[in-house]
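> sequence? don't have it. structure:
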């Protein structure tokens with residue numbers, strides 16, 4: 001971003017962190033929770049799960065007491081239980097998949113939309129990946145064997161992929177295929193269950209902004225730095241050039257063959273290659289020769305932004321939404337100034353109209 005003041009860049013950064021709306025779980029209704037994770041802790045963990053949904057397609061709650069609708073609320077349900085062994089849970093998942101496939105085929109025959117099934121295939125892929133990882137990493141295999149000791153009670157892990165989206169109203173037709181609502185990351189650990197423990201709940205997600213709660217912030221970090229300006233005041237040759245290019249500032253300087261205008265006994269010289277790669281480390285200043293030859297400053301109106309998205313929106317969309325929010329703030333300020341100027345002008349006209357009357361009374 002070039003040609004702007006630092007106040008504008010900082011305002012944009014703060015808006016991306018705290019004022020770009022997203023969708024996150026706000027209300028959790030616990031029907032049954034016999035795990036060791038307290039209701040409040042589990043609800044807090046659910047709220048921090050990023051949701052893959054476009055917040056621009058939903059409306060804000062006008063009032064806190066407003067009734068939830070398909071235009072302002074996304075509903076999830078979580079129903080998991082731990083069996084006596086992994087084989088029992090796997091067989092239950094297979095049965096659930098078969099039932100879901102039967103129901104899906106029946107619904108397709110009736111012309112109804114296909115309902116999403118369970119994630120048994122994902123579980124299989126995850127298991128195969130874990131086995132491959134253990135075979136190539138002995139330390140991980142040792143840790144896994146310690147956890148899966150024969151005779152030790154079975155532990156079931158509850159992940160964010162176990163959250164099942166429940167479409168409301170016409171959401172099933174509005175959000176299909178790649179726009180289907182689901183957690184951004186399927187492998188976020190929510191809780192661990194022992195045999196016989198159950199979690200059953202319903203979660204309602206809504207729009208919000210980061211200044212209300214950090215779970216609504218669309219970025220993990222948003223920062224900027226000034227563009228470095230690197231210049232060689234004096235030419236650097238041979239060994240010093242290699243040290244500058246490879247040791248002190250790698251990626252910033254390059255090496256070129258000397259020309260006829262350079263000293264006769266030299267072979268290579270350093271040239272500025274990529275100022276963007278400069279980290280302002282100033283390690284070169286430890287060498288007295290390079291200290292006098294290199295000058296590094298910053299361009300005051302050239303900013304390099306780094307936007308790390310949580311995943312619900314791409315960095316480009318976050319930047320565009322932040323600019324829209326900033327534009328709305330500017331328009332609101334201009335409107336208030338116009339209103340204030342108009343009121344002040346009317347007040348001055350009233351004073352001018354009253355002055356002649358006061359002079360006539362004095363005469």
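Great, that's in hand. Just so it is clear, the structure is predicted and the values come from calculations on it, not from any experiment.

> quick check: residue 199 vs residue 209, distance?
29 Å (C-beta to C-beta, to the nearest Å). (Each C-beta comes from the backbone N, C-alpha and C, glycine too.)

> go on, residue 65?
20 Å.

> more crowded one of these two?
More crowded of residue 65 and residue 209, by other C-beta atoms under 10 Å: residue 209, with 19 against 6.

> list the residues that contact that one.
Residue 209 makes contacts with 18-22, 216, as judged by C-beta atoms under 8 Å, 6 or more residues apart in numbering.

> now it: phi and psi?
Phi and psi for residue 209, reported as degrees, to the nearest 10, are phi -130, psi 160.

> ok, the one 3 residues further on next?
The phi and psi values for residue 212, taken as degrees, to the nearest 10, are phi -80, psi -40.

> who touches it in this structure?
So residue 212 contacts nothing (C-beta under 8 Å, 6+ apart).

> likewise for the one 5 residues further on?
When contacts are counted by C-beta under 8 Å, 6+ apart, residue 217 is found next to 17-18, 20, 22, 210, 310.

> what's the farthest-apart pair in those?
The span of the contacts of residue 217, defined through C-beta to C-beta, is set by 18 and 310 at 13.7 Å.

> now do the top strand by length along the chain: everything it contacts.
In the chain, assigned by DSSP state E, the strand with the most residues is strand 294-309. The contact list for strand 294-309 (C-beta under 8 Å, 6+ apart) reads 1-6, 9, 12-13, 16, 218-233, 236, 244, 276, 278, 280, 282, 284, 315, 318-319.

> check stretch 321-328 too.
Under C-beta under 8 Å, 6+ apart, the answer for stretch 321-328 is 11-12, 15-16, 19-21, 56, 313.

> in the stretch 251-363 of the chain, which ranges drop under the pLDDT threshold?
344-363 (pLDDT under 70).

> and the residue lying closest to residue 206 once chain neighbours are set aside, which of the three is it?
Nearest residue to residue 206, sequence neighbours excluded (C-beta to C-beta, 6 or more residues apart in numbering): residue 26, at 4.9 Å. Classification of residue 26 by DSSP: H, G, I helix; E, B strand; the rest coil places it in strand.

> any chance you could map the strands in the stretch 151-300 of the chain?
Secondary structure of the stretch 151-300 of the chain, counting by DSSP state E, counting those that start in this stretch: strands at 156-159, 164-166, 182-183, 189-193, 198-208, 219-232, 253-257, 268-272, 294-309.

> can I get those strands in CSV including mean neighbour count?
Shown next, in CSV, are the strands of the stretch 151-300 of the chain (neighbours: other C-beta atoms under 10 Å):
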stretch, mean neighbour count
strand 156-159, 19
strand 164-166, 17
strand 182-183, 20
strand 189-193, 18
strand 198-208, 19
strand 219-232, 16
strand 253-257, 16
strand 268-272, 19
strand 294-309, 15
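
> tell me which of those lies nearest to residue 173.
Distance to residue 173, taken as C-beta to C-beta, is lowest for strand 164-166 among the strands of the stretch 151-300 of the chain, at 13.7 Å.

> roughly how far is the closest one from the heart of the chain?
22 Å (C-alpha atoms, centre = their mean, to the nearest Å).

> show me what contacts residue 234?
292-293 are the contacts of residue 234 under C-beta under 8 Å, 6+ apart.

> tell me, what residue is most central in the protein?
Among the residues of the chain, residue 310 comes closest to the average C-alpha position under C-alpha atoms, centre = their mean, at 1.9 Å.

> find the nearest non-adjacent residue to residue 3, please.
residue 301 (5.6 Å).

> ok, which stretches of this protein are helices?
6-18, 39-47, 86-109, 120-136, 138-147, 171-174, 238-243, 288-293, 315-362 (DSSP state H).

> that older thread, I'd like to know how many residues surround the residue nearest to residue 206.
Using other C-beta under 10 Å: residue 26 sits among 22 other residues.

> where's it relative to residue 55, distance?
Counting by C-beta to C-beta - residue 26 and residue 55 are separated by 13 Å.

> and the contacts of residue 217, which is closest to residue 158?
The closest of the contacts of residue 217, once distances to residue 158 are taken by C-beta to C-beta, is residue 310, at 20.9 Å.

> give me the nearest residue to residue 2, chain neighbours excluded.
Per C-beta to C-beta, 6+ apart, closest to residue 2 is residue 302, 5.1 Å.

> just to revisit the earlier point, now the residue nearest to the centre of the chain: closest residue in space, sequence neighbours ignored.
residue 50 (4.8 Å).

> do the same with residue 60
Counting by C-beta to C-beta, 6+ apart, the residue nearest residue 60 is residue 207, at 5.2 Å.

> any idea what that neighbour is bridged to?
residue 23 (DSSP bridges).

> measure the spatially closest residue to residue 162 that is not a sequence neighbour to residue 157 for me?
Nearest non-adjacent residue to residue 162, counting by C-beta to C-beta, 6+ apart: residue 80, 5.4 Å away. As judged by C-beta to C-beta, residue 80 and residue 157 stand 10 Å apart.
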